[in-house]
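Student: generate a structure from the sequence data that follows.
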Amino acid sequence: MLNTALKIKNITIPNRIMMPPMARELSDEGKVSDALIEYYAKRAEGTGLIIVEHEYVSPEGIASPKQLSMADDSVIDGFRKLTDAIHSKGSFAIAQLNHAGIESISHNKLNLNEMTLDEIDHVKESFVKAAVRSKKAGFDGVEIHAAHGYFLSQFYSPYTNKRTDDYGGTLENRIRLHNEIIADVREAVGEDYVIAIRFGAYDYLEGGSKLEDIPIAVESFVKSGADLIDISGGLCRYVNPNSKEPGYFRQLSKIAKDSCDVPVILTGGVKKAKDAENLLNEGFCDLIGIGRALLMDAEWSKKALKYLENVQ
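Tutor: Residues are numbered from 1 along each chain as shown. Presented below is the predicted three-dimensional model:
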């Protein structure tokens, strides 16, 4: 199943291998560098879909000194070179848009519990403008980063979200901003453009998010316009403190997959083609994220597909 195609909106991904966003800190003052283009081009061959590492949507939301930017039009030409390089290898590319919130290194970082409604509107507008830039830069879609303890993850978790207005308290309120961003981005980029959300579905933390909230949240994201659900951790970031098995977020991705009719991505601890194949066949997901393995071996995807040809 790993080598079968998957259609999402107006693109047909040639196989089920996805390279997840992993920050390489190779930007040139926020812009795409030649080293970054070379890095992705090497890993694109044989990889069905690449979700490029997170880009900050506005300066106060920057997460690290060498993070990529999608915060102004000057970055578009560089990203166009990157998407051209990925496309030339037969792969598709999605831009991951992020705001770090209180995790930002900016002096103007935003604390979700102290933000005004005007500041929230500014962040929403920043996501929308970044999505439009991504489309101009040749990306096949955008992913809203709502995981790993960053801005939207902070809103989702009751552990961090202590607001008493329409953006805090109930689950509906804690995912209100997610849904407003998805809906606004959809209006800006059109119906045929792919919108994904990387959803920090569970915190594995007392007082944090709940497993029973996942179906409600996922259904709302799809209703708002999401075409692809990319499952990861919340305040626990990209690790499951209770498991290191291949596909260690499989419980979360299965809940998501059973509650929506759009493709679901599972990432975490998958290093072997046979494990990826098994997770797909067992119905935990529709795409497999291969992170550290592709980081260590740029030809992992090609080798995995060849291995499956030999055993089938």
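Student: helix or strand next in line after the one helix or strand I50 maps to, which one?
Tutor: In this structure, I50 is located in strand 49-56 according to DSSP states H and E. Proceeding N to C from strand 49-56, the next assigned helix or strand is strand 68-69, under DSSP H and E.
Student: what sits up against that next one?
Tutor: Taking Cβ atoms under 8 Å, 6 or more residues apart in numbering as the criterion, the residues outside strand 68-69 that touch it are 27, 30-32, 36, 52-56, 62, 75. Backbone N, C-alpha and C define where each C-beta goes, glycine included.
Student: okay, angle between the host helix or strand of I197 and strand 49-56 too, please.
Tutor: Using DSSP H and E, I197 sits within strand 194-200. Put simply, strand 194-200 runs at 70 degrees to strand 49-56, going by axes from the mean of the first three to the mean of the last three Cα atoms, to 10 degrees.
Student: partners of strand 194-200 in the sheet?
Tutor: Partners of strand 194-200 in the sheet, by DSSP bridges, are strand 141-146 (parallel), strand 228-232 (parallel).
Student: show me the contact partners of the shortest one.
Tutor: Read that as strand 228-232. By Cβ under 8 Å, 6+ apart, the list of residues contacting strand 228-232 reads 8, 20, 51, 141, 143, 147-148, 194-201, 218, 221-222, 238, 249, 252-253, 256, 260, 262-268, 285, 289.
Student: now the helices for the stretch 1-150 of the chain?
Tutor: Taking DSSP state H, counting those that start in this stretch, the helices of the stretch 1-150 of the chain run over residues 34-44, 76-88, 117-136.
Student: what's the average pLDDT for the last one?
Tutor: In other words, helix 117-136. For helix 117-136, mean pLDDT rounds to 98.
Student: picking that back up, could you point out which element follows the strand holding I197?
Tutor: helix 214-224.
Student: could I get the CA-only coordinates of that following helix as PDB?
Tutor: Taking Å, rounded to 0.1, in the frame of the first residue of the first chain, the C-alpha atoms of helix 214-224 are listed here in PDB:
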ATOM      1  CA  ILE A 214     -10.100  14.400  19.100                       C
ATOM      2  CA  PRO A 215     -13.200  13.400  17.000                       C
ATOM      3  CA  ILE A 216     -15.000  16.600  17.700                       C
ATOM      4  CA  ALA A 217     -11.900  18.700  16.900                       C
ATOM      5  CA  VAL A 218     -11.100  16.800  13.700                       C
ATOM      6  CA  GLU A 219     -14.700  17.000  12.500                       C
ATOM      7  CA  SER A 220     -14.700  20.700  13.000                       C
ATOM      8  CA  PHE A 221     -11.400  21.200  11.100                       C
ATOM      9  CA  VAL A 222     -12.800  19.300   8.100                       C
ATOM     10  CA  LYS A 223     -16.000  21.200   8.200                       C
ATOM     11  CA  SER A 224     -14.000  24.500   8.200                       C
END
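Student: name the helices or strands packed onto that helix?
Tutor: Counting contacts by 3 or more Cβ pairs under 8 Å, 6 or more residues apart in numbering; DSSP states H and E, helix 214-224 is packed against helix 171-174, helix 176-189, strand 194-200, strand 228-232, helix 250-258.
Student: take those and lay them out in a markdown table including distance to I214 and mean neighbour count.
Tutor: Compiled in a markdown table, the helices and strands packed on helix 214-224 are given as follows (distance: least, Cβ to Cβ, whole Å; neighbours: other Cβ atoms under 10 Å):
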| stretch | distance to I214 | mean neighbour count |
| --- | --- | --- |
| helix 171-174 | 10 | 17 |
| helix 176-189 | 13 | 19 |
| strand 194-200 | 8 | 27 |
| strand 228-232 | 9 | 28 |
| helix 250-258 | 5 | 22 |
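Student: so which of the ones you listed comes closest to K136?
Tutor: Among those, the nearest to K136 by Cβ to Cβ is helix 176-189 (10.2 Å).
Student: how far does that closest one sit from the chain's center?
Tutor: 15 Å (Cα atoms, centre = their mean, to the nearest Å).
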